[in-house]
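Peer 1: sequence? don't have it. structure:
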């Protein structure tokens, strides 16, 4: 999961919980055989007529045969325990499990588009629901940036991103600006802005002595033009399409308010299998960060040259 700058921590960097075990079929089977050998030796001390166990390397040995389904079932049991642990941890829970985790703070998954007679409802994604859940811990803190973000994301389910800007940036005492980025970087409509404005100006959200302004982020559109060189053999159109996808993904990762788009980031995104060199012509320079703006990639023109 990519993490916008206005989220508390990068959940992808959290260590894996110790309660989640590595699954290893071979080690389970070896443990079964070792335990069987130990039990067999105990029986031999009581009954000297029993032979020593020395056929473990034979696939047809009953103990070896019994170890296989036993080890597989034990593997499934441990996988089930791993799943159960993940289901109650917010960074790892998915789907209905995540719904139940976030319910402890009174947070529900939002409906982006109601169901129709022919299509199911389009619901809020796990990543966005998790983000709102983390922000919900700041709900008791009226006037905090996290509280404003939570209210904005809840009031407008399709909101892509929001940025809270205070005096440290704009220099106005007692003023808070909330900058909104619509889906795919689109400019919010007046109705969408009004919906967020109503939510963040409620008495239990905004302190009495502050002024909260809600506005659309300024769209700073840019396009990419580059030439890639590929070796003979690969299909030029297939390689071009792959490069276009990677460049588009790099631009989408910076689609939030206050983001900077380094020119080198776009150039490096072009490199992959079958790309020998990438020369970028547009943008001519980095797209600088601006707290009230969102950089929006509108087009990517990729030319292909085949090396001689």
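Peer 2: Perfect, I can see it now. Just so you know, these numbers come straight off a predicted model, no measurement behind them.

Peer 1: how does this structure divide up, domain by domain?
Peer 2: Each domain of the chain is listed here as a residue range: 25-87, 158-216, 219-306, per automatic domain parsing.

Peer 1: Between these, which one is closest to residue 19.
Peer 2: Of all the domains of the chain, the one in closest proximity to residue 19, counting by Cβ to Cβ, is domain 25-87 (4.7 Å). Glycine gets a C-beta too; all of them are placed from N, C-alpha and C.

Peer 1: Which stretches in the stretch 101-250 of the chain count as helices?
Peer 2: 126-136, 145-155, 167-170, 190-200, 236-253 (DSSP state H, counting those that start in this stretch).

Peer 1: Ranking those helices by mean neighbour count, which comes first?
Peer 2: helix 145-155 (a mean of 22; mean count of other Cβ atoms under 10 Å).

Peer 1: Wait, residue 257 touches residue 181, no?
Peer 2: Yes: the pair residue 257 / residue 181 is scored as a contact, 5.4 Å apart, by Cβ atoms under 8 Å.

Peer 1: Show me where the stretch 151-300 of the chain dips below the pLDDT cut-off.
Peer 2: Applying pLDDT under 70 to the stretch 151-300 of the chain picks out no residues at all.

Peer 1: which residues are common contacts for residue 257 and residue 181?
Peer 2: Applying Cβ atoms under 8 Å, 6 or more residues apart in numbering, one finds that residue 257 and residue 181 are jointly contacted by 161, 162, 163, 217, 294.

Peer 1: Just the closest of those to residue 243, please.
Peer 2: Nearest to residue 243 out of the shared contacts of residue 257 and residue 181 is residue 294 (Cβ to Cβ; 23.8 Å).

Peer 1: what about that closest one, which SS state?
Peer 2: Classification of residue 294 using DSSP: H, G, I helix; E, B strand; the rest coil returns strand.

Peer 1: Could you shift the numbering so residue one becomes 580, and keep it that way?
Peer 2: Let's use 580 as the start, then, which means that last one is residue 873.

Peer 1: Any idea how many residues pack against the closest residue to residue 846 other than its chain neighbours?
Peer 2: Nearest residue to residue 846 in three dimensions, chain neighbours excluded: residue 859, at 4.3 Å (Cβ to Cβ, 6 or more residues apart in numbering). Counted by other Cβ atoms under 10 Å, the residues lying close to residue 859 total 19.

Peer 1: Could you pull out the buried residues of the lengthiest helix in the chain?
Peer 2: Selection of the longest helix in the chain by residue count, based on DSSP state H, yields helix 641-666. Applying a neighbour-count criterion of 16 or more other Cβ atoms under 10 Å, the buried positions in helix 641-666 are 642, 643, 646, 650, 653, 654, 657, 661, 665, 666.

Peer 1: what's the distance between it and the middle of its chain?
Peer 2: Centroid separation between helix 641-666 and its chain, computed with Cα atoms, centre = their mean, to the nearest Å, is 30 Å.

Peer 1: So for that helix, mean pLDDT?
Peer 2: The pLDDT scores in helix 641-666 average 92.

Peer 1: now for that helix, which elements pack on it?
Peer 2: In this structure, helix 641-666 packs against helix 604-625, helix 674-681, with contacts taken as 3 or more Cβ pairs under 8 Å, 6 or more residues apart in numbering; DSSP states H and E.

Peer 1: and if we set it to 6 Å?
Peer 2: Other elements packing on helix 641-666 under the criterion 3 or more Cβ pairs under 6 Å, 6 or more residues apart in numbering; DSSP states H and E are helix 604-625.

Peer 1: On the pLDDT front, check residue 615 for me.
Peer 2: At residue 615, the predicted lDDT confidence score is 89.

Peer 1: Leaving out chain neighbours, which residue sits closest to it?
Peer 2: Nearest non-adjacent residue to residue 615, counting by Cβ to Cβ, 6+ apart: residue 642, 4.9 Å away.

Peer 1: Quick check: that neighbour vs residue 796, distance?
Peer 2: 68 Å (Cβ to Cβ, to the nearest Å).

Peer 1: Residue 680 now?
Peer 2: Taking Cβ to Cβ as the measure, residue 680 and residue 796 are separated by 31 Å.

Peer 1: Comparing these two, which residue is more hemmed in?
Peer 2: residue 796 (27 against 20).

Peer 1: beta partners for the residue lying closest to the more buried one once chain neighbours are set aside?
Peer 2: Once its chain neighbours are removed from consideration, residue 796 has its nearest residue in residue 873; the separation is 4.2 Å (Cβ to Cβ, 6+ apart). Going by DSSP bridges, residue 873 is paired in beta bridges with residue 798.

Peer 1: Count the residues that sit near residue 873.
Peer 2: Other residues lying near residue 873 total 27 when counted by other Cβ under 10 Å.

Peer 1: That one is in contact with residue 837, isn't it?
Peer 2: No: the pair residue 873 and residue 837 fails to qualify as a contact (Cβ atoms under 6 Å) at a distance of 8.0 Å.
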